[in-house]
Each structure stands twice: as structure tokens, then as C-alpha cells.
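Chemist: Okay, predicted coordinates and the sequence, questions at the end:
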Amino acid sequence: MSMQTFEQDQIIFQIGRPNDTFYVIADGTVDARVGSQNYPLKKGDIVGILDITSPEHTCAYIASSDATLIPYPFGDTKGLIAMMNKQEDLRKLMVNSLNRNICGIIAAYNEDYKKCMDLHAYLCDLQKKYHEIAGSFHLTPKTLPFVDELTEFKFDEEMPFWMGDFYASLRKLVKDLSPSMSTGLVYGYLDRSGQDINNILALETGLKTAMETFSSYMINEDYIDFYDLYCDLCLRVASNGDDTSVIMGMTDEIIDKVWGLGLCDKPFIDTRVETFKSKINTRSTVKATLSSDDTAIQASLADSMTVILNFADPDPKVASEFRKAIEEFKKVPDRSSTEKAVDTLRRSITKLFYEVYECAVKNAINNDDVPVIVKMFLNFGYVDYKLCGEDNSLALYHIAETFHGHKEQGIYTPLEWFQAIYNGEKQPSRNEFDQDYSQYLRSLIKEGRLTRDKEAALADNVDEKLNFELKNMFPTVNKITFGRIFGYCPILLDDNIMRTPEDILMTPAKIIETLNKICSIDYSAFYHEFIFEDTKIGVKDTVMTDIRPDVILMPNAGSRGAMWQEIEGMNRKTPGRFVISSLYVENVEKAFIRMTGEFRWEMCKREQGARWNDVSSHSLTSEYCDYAQFFAKNRDLSYDAKEKIKENLKKCKNSFKELFLYEYAIYMMYESAGSSRLNKVSRGIIFTFCPMGKDIREKISKNATFDECLSRHRISVGQVTHRLEGIIAKYRNAGKDLPEEFVTLQDLVAR
């Protein structure tokens, strides 16, 4: 049998390739590769052994050095069995090769599992030490958004405890067996072991994902990590003139740990370290002297509660209880504690906060003389300068003086939004039961709590509309955008401000820039479809208009954004509503990408009605649901792709919508940059309904992976253009100008 030579890095088998040949290594080495994992095969091993009974390769095999291989073509399963029947030595070679390598795979998994759990324990220890060090300096500890996920982390599935010993024992037994092992025994062993290998490799992928996640907890591009947490603590301690050597040692330890993992780029780590060193070197051991203006501001901030309560003028009992609760809360050492007493106090503060907030909003509407401290309360949830932190309070004071949204672009501060509701510029948002104001009134009639005469009076009552918004959407959304279910408290705490207020402030410029970037990739993201009809000309067609969502800021320092509703009421020509914290502590672009994906999903459901998941109806939701539900039977998906979908569905709690949002984010962040990370079916669906902009299409056209998607898009655009040409001709022949709706559609198609 003629030998074949493969050069180093040459691909021998790709994942998904039909399994009809295997090779025996005569010289050199070969790597079996799954994802980022490499498993070395050496002289005497079989290339293809890890998936030899599978109809297609689930591993890639790549020459890791110049290699000489002996080919054994077998065609299909029957051919493989026939070959094994004829060659006794080949049967033993197969068993030995597989057994040696599965033991190596199990050993690699066990080693990585130990590393992963050690890293998890290290992170938990970092969290514990941080609280201890902060407490020793009498400083309030801050809370990272992912702490709950870290403490509750566990693998859904682990390798069975018996597997390592089982295959190690089998390896010893095989040595004692005669060469005349039956074909049935050998094939059954290969097939059963192949299934175990697939399961272990899937678990290994989960380990790698967990390791990457844990690494990002230590240091990441968003500066929401343990390294920044300790750097912040070090700077706070230095400001008080105390010794920072212990904390500096911890920051160095974190960097050493990150280096050891090798999951971060050197330039990024160097930049973070240099930034911190620059800050700590320039930080005075005593607080800088304040200007006379700032000294006066700090003096006024010391009595913030009185200013807020005097302006809001709530019921005296509410004011007294709120003041008392805040004073008690200031004495709590760990304000994020889940202890019953602390949790009860937070709940009491939450209830009182909203009562005071409601009074303050009503007094602030149409009032040109709102004190800055009250603006801080209304727009950021600020209540007390000690709870917020003196530096943060001073920074927020200067921000609040001129803080505003951008109504023309649909961006509203909390106060501006309530003002718009009261002035009739905007209708109240839906409540948590997905009822708008009109539906809510009708539900009261059905329940017998409201007469039709009173409904008519309330329908246009601006005070009641404002009350509806304050009591329904606002408390729910404020908690959602805060981002953490446990330990929620609506007042602004230093614990939750992970960076300076200036860094995390959601300005109109930041929001507009983010939405522009999203629309440069997914240019039709906010297209609204509706029917245009002109009976005189004989035109009835679907047209689209680009309507960007309203972005409503919430008064908190939070870590989540949410798409609250896709349109206003039943009118498809109205903007959707995105909500996000005024002080947003995580990655803004990722938050808006998720909200945009959710908008697309919900808008499609609204347009499709009851047929939103009916595959016979050509739509994003129907085709994606079909893909997610029946992926196991999809012949266009490789075994590896199916395993990834299965794993991702687990992470998404079997929610097709959550899976779409996960893959949409990958599409927007990586696929648009030319990095193909989705499978061909998912990419095809998303590209069809969320096509990329012209500039992005030109960039990715160099990657053959996108050829099919780009070709289908060109055909689709051609069909719409042809339809438009017919409509334009009708208006030209009638001697009339083309309606604005079709002029807009022309522009949208050209994108």
C-alpha cells in the first residue's frame, strides 16, 4: 500500500468530512483538533481513530510535523467491518491506538478540570479577601455585577467518576488479550469509546469556556473586573494616606495569574498595569485641596436628604421613616448582604424611595427651579453623599447641573421622560402584564372596578397617565436595569459605581454613536413595515421606514439594558422603547446589540401575529425556531455544529429567543468583522433577515464563507428593486410624484 506524505500544518481531515479512509502513522506526528484543544497522535497511531465509527469526522486532523502515513480506504461502515474481519493485527492496532489516546484525553480533561476549579476557588478567595481588606480600612466594599454568577457557579455535567479508572484498567486488559479479538468486540469497543470521547470533548469545551469566563472576571476590556476592583481600593486607601502594600501585592498577584493562564494579549495587560501605576504614582497621600466652590458644594451635599424631602414634600410620616431608614442603612457594614435584617431594611427603603420619588417628580414637572441635588435624586437615584461616596457625589453634582437627553434623537433622562408623559408627547409604557394605559383601563372595566363614564374621563387625564408610568413601568424597569436580583436597592450607592461617574455616564453622544455603529452593520435593524395603498394609482404594497427607538435612562448605576416594548400601543409607525441605566457600568455596545436583537425578535412576532413560529410563513422567528427545534435532524449541520447548538441551548435554558440573541451578538461583533463563528444555517437565517450594510458586505466579500449569503442578498435586493421600478413607472405614467414612502424605501434598499 503506497504511503502518503503530509507537510507540517497540512490538513488531513476536516470536521464534517465523510469518514471513508483512515491512516496509520509511519513517521512524524499528527494533532487531533477539536476547537482550541489539540490531542497528539504519534508513530503507530491511527489518524481518524477518535471518530472512526462516525459517518463523518467530528475532529480535525492536522500534521503537526512532516508526516508519512499509510492509507486504509474502507468506504463505509460495511467496508470498515470487512477490513477488520480480514486483518487481525489491524484490530489490535485499532484498540491499542484508541485506548492509549482516550486515556490521554481523560488525563487532559482531569488536569483542566482541576485548573478550572482551582481558578474558581481563587476568584472566590479574591472576593473574600477584598471584603476583609476593605473592612480593615473601614471602607465600603463595592460589588461586581457577576459576583452572584461566580458564587453560584457549577457545571451542569461532569465526567463520570469511574471513567478514568475504567479505561486505564481496559488498557491493561488489552495487553493480555490475544491478537484474535473478534470484530464484534473491537467494533463495539471503538463505537462505545467514540461516544465517550465525544462526551468528554464536549465537557472539555465547557471547561475552556469557563476558564475564559473566569479569566475575564480577573481582567477584561470593560474594566469591570477584580483587577480594577483592587486598583480602586488601592487608590481609595492611598487617598487616606494609609499603607497600600498589601493591596499592591494583590494587584500584582492577579496580573501574574492572568499571565499564567495565557488568555489575554500582552499589550492589553501592559496598558492596564501602566494605567494603574500612573494613577497610584500621581495620587497624593492626602486629599487634594478643594476649590472654594467645591467646598461650598460639599457643604450643601452634607444635607442632601433635607433638600430632597423639602422639595418632594411627601407625607410627614413617609419623610420621617425614609430619613430614619437611610441613617440606619449608613451603619450597615455590608450593604449587599443577604442577611434577613439587611434585606428587610433594603425592602423598606425601596418602598419609601418610590413614594418620595413620585412626589418629587410631580413637583419637578414644569418647574424651572429644581435644585441640583433634587436633579441628582431624580436622574441618578442619589440620596446621601456618604452612601454615594464624597468624590462621586461631587462629580455627580457637576454632571447634574447640565445633564440632559436629546429629544430629537429620542433620548430621555428620567425627569425628561416623565415630563414628556405629562405633556402628552408620549403615551405611558406598558406595564409588567404587557398592558398599555388603554388596555389597563379596559381591564378595570371588566373587573368591575371602573365604569365606562369614568374610563372616558381617565383616558386623557395626564395626572393618571403619569401615575400609571410611575407605579407600573418605572419600579419594574429600574430593578431590571440595575441588573442584580439580590441586593437590589434603588438609592445610589458607592458600592455600585465601579468607575468614575464621568466614565459610566450614558450621554446622548455615547448612545447615538452606539446606535449608528449598530445600524452600520445591521442597516435594517429598526425598519418598521406597514401597508401603503393608493387606490387611484392601483398601488398596494409593503413599505418600510427607519424609526429608531426611544432610549429612556433609569436613575441607577446598573449593568443591564432592556427592550421594553417594540412599538407604542398598536401603531407600527411609533418607536420602540429601550431602557438602560443613567450610569451604565458594563459594555454599552453589547447592551445595545442585545436590545436590538430583542427588538428584531419581538417586532417580527408582532408583524407575523399567530404565525410567528409557523415555518410556512417566511420570517425571522419562524425559520429560527425551526432551526433551533430540529437542528439534530438538519443535514446541513456537522456533528460538531449540532453539539455546539445543543450546548448553547442548555446555556440559554432551551429558549429559542435567548439562543437567537446569543448568536445575533456573535453575528454583530465577530461575523461582521469577517470572523466566521456561526454555523452556515444560523448565519444564513440571520443574514437573510438582518443583512449587513454595504461597507460591511464589501469587507466580508473576501471571505468565501459569506459567498452564499451575499449572493442571496443580491437576489433579494434585485427583486425589491424590480418591484419598485414597476411602482415608479405607474406614478410616472400618471404624471404624479412618487410618494415619500417609496422614496424612503429606495434609500433603504440602497444601503
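Modeler: All right, it came through fine.

Chemist: tell me the domain boundaries of the protein?
Modeler: Using automatic domain parsing, the domains assigned to the chain come out as 4-214, 219-282, 292-496, 613-751.

Chemist: What's the mean pLDDT across the last one?
Modeler: Mean per-residue pLDDT for domain 613-751: 89.

Chemist: from now on call the first residue 72
Modeler: Taking 72 as the first residue, the last one we looked at is domain 684-822.

Chemist: ends of that domain, how far apart?
Modeler: 28 Å (C-alpha to C-alpha, to the nearest Å).

Chemist: now do stretch 632-645
Modeler: End to end - C-alpha to C-alpha - stretch 632-645 spans 20 Å.

Chemist: What ranges does the stretch 322-471 of the chain have for its helices?
Modeler: Using DSSP state H, counting those that start in this stretch, the helices assigned to the stretch 322-471 of the chain run over residues 337-353, 363-372, 375-383, 387-401, 411-435, 443-451, 456-459, 461-473.

Chemist: on that earlier part again, export the domains of the chain to TSV and tack on distance to residue 635 and mean neighbour count?
Modeler: To be clear about C-beta, it is placed using only N, CA and C from the backbone, and glycine gets the same treatment. Formatted as TSV, the domains of the chain follow (distance: least, C-beta to C-beta, whole Å; neighbours: other C-beta atoms under 10 Å):
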stretch	distance to residue 635	mean neighbour count
domain 75-285	20	16
domain 290-353	24	16
domain 363-567	6	17
domain 684-822	15	16
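
Chemist: so which of those comes closest to residue 611?
Modeler: Evaluated over the domains of the chain, closeness to residue 611 peaks at domain 684-822, with 10.1 Å, by C-beta to C-beta.

Chemist: Next up, phi/psi of residue 652, please.
Modeler: Per-residue torsions, residue 652: phi -60, psi 140 (degrees, to the nearest 10).

Chemist: With residue 686 instead?
Modeler: phi -60, psi -20.

Chemist: Quick check: the residue nearest to it when sequence neighbours are not counted vs residue 723, distance?
Modeler: Among residues not flanking residue 686 along the chain, residue 697 sits closest, at 4.2 Å (C-beta to C-beta, 6 or more residues apart in numbering). Distance of residue 697 to residue 723, computed by C-beta to C-beta, to the nearest Å: 17 Å.

Chemist: Hmm, residue 691 is touching residue 758, no?
Modeler: No - with contacts counted by C-beta atoms under 8 Å, residue 691 stays clear of residue 758, the gap being 11.0 Å.

Chemist: picking that back up, pipe the helices of the stretch 322-471 of the chain into JSON lines and attach distance to residue 147 and mean pLDDT per row.
Modeler: Below are those laid out as JSON lines (distance: least, C-beta to C-beta, whole Å; pLDDT from 0 to 100):
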{"stretch": "helix 337-353", "distance to residue 147": "49", "mean pLDDT": "85"}
{"stretch": "helix 363-372", "distance to residue 147": "79", "mean pLDDT": "87"}
{"stretch": "helix 375-383", "distance to residue 147": "78", "mean pLDDT": "96"}
{"stretch": "helix 387-401", "distance to residue 147": "72", "mean pLDDT": "96"}
{"stretch": "helix 411-435", "distance to residue 147": "63", "mean pLDDT": "96"}
{"stretch": "helix 443-451", "distance to residue 147": "68", "mean pLDDT": "97"}
{"stretch": "helix 456-459", "distance to residue 147": "70", "mean pLDDT": "93"}
{"stretch": "helix 461-473", "distance to residue 147": "69", "mean pLDDT": "93"}
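
Chemist: Nearest to residue 740 among the ones you listed would be which one?
Modeler: Nearest of the helices of the stretch 322-471 of the chain (C-beta to C-beta): helix 337-353, 16.8 Å.

Chemist: closest one to residue 717 among the helices of the stretch 322-471 of the chain?
Modeler: Short answer: helix 337-353, nearest of the helices of the stretch 322-471 of the chain by C-beta to C-beta, at 32.6 Å.

Chemist: in terms of contact count, name the helices or strands touching the closest one.
Modeler: In terms of contacts (3 or more C-beta pairs under 8 Å, 6 or more residues apart in numbering; DSSP states H and E), helix 337-353 is packed against helix 297-310, helix 316-332.

Chemist: Can you lay out those as CSV showing distance to residue 611 and mean pLDDT?
Modeler: As requested, these are arranged in CSV below (distance: least, C-beta to C-beta, whole Å; pLDDT from 0 to 100):
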stretch, distance to residue 611, mean pLDDT
helix 297-310, 57, 90
helix 316-332, 61, 92
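
Chemist: out of those helices, which comes closest to residue 416?
Modeler: Of the helices and strands packed on helix 337-353, nearest to residue 416 by C-beta to C-beta is helix 297-310, at 24.7 Å.

Chemist: That closest one versus helix 316-332: what angle between them?
Modeler: 160 degrees (axes from the mean of the first three to the mean of the last three C-alpha atoms, to 10 degrees).

Chemist: hey, where'd the strands end up in the stretch 72-221 of the chain?
Modeler: 75-77, 82-84, 92-98, 101-105, 108-112, 117-118, 131-134, 138-144 (DSSP state E, counting those that start in this stretch).

Chemist: With respect to residue 445, which of these lies nearest?
Modeler: strand 108-112 (57.6 Å).

Chemist: can I have the closest one written out in CSV, keeping just the CAs?
Modeler: Only the C-alpha atoms of strand 108-112 are listed here, as CSV (Å, rounded to 0.1, in the frame of the first residue of the first chain):
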residue,chain,number,x,y,z
GLN,A,108,-7.8,21.6,22.0
ASN,A,109,-5.0,19.5,20.5
TYR,A,110,-4.5,15.8,21.1
PRO,A,111,-1.2,14.5,19.7
LEU,A,112,-1.0,11.2,17.7
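
Chemist: ok, now which ones touch residue 228?
Modeler: 274, 277 (C-beta atoms under 8 Å, 6 or more residues apart in numbering).

Chemist: thinking again about what came up before, so the residue nearest to residue 686: helix, strand or coil?
Modeler: helix (DSSP: H, G, I helix; E, B strand; the rest coil).

Chemist: Next, the buried residues of stretch 627-645.
Modeler: 627-639, 643, 645 (16 or more other C-beta atoms under 10 Å).

Chemist: Contact partners for residue 548?
Modeler: 500, 623, 625, 633, 635, 650.

Chemist: Restricted to strands, list those.
Modeler: Among these, the ones falling in strands (DSSP state E) are 623, 625, 633, 635, 650.

Chemist: between the residues you listed, which is nearest residue 568?
Modeler: Checking those one by one against residue 568 (C-beta to C-beta), the nearest turns out to be residue 625, at 14.8 Å.

Chemist: number of nearby residues for that closest one?
Modeler: Other residues within reach of residue 625, judged by other C-beta atoms under 10 Å, total 30.
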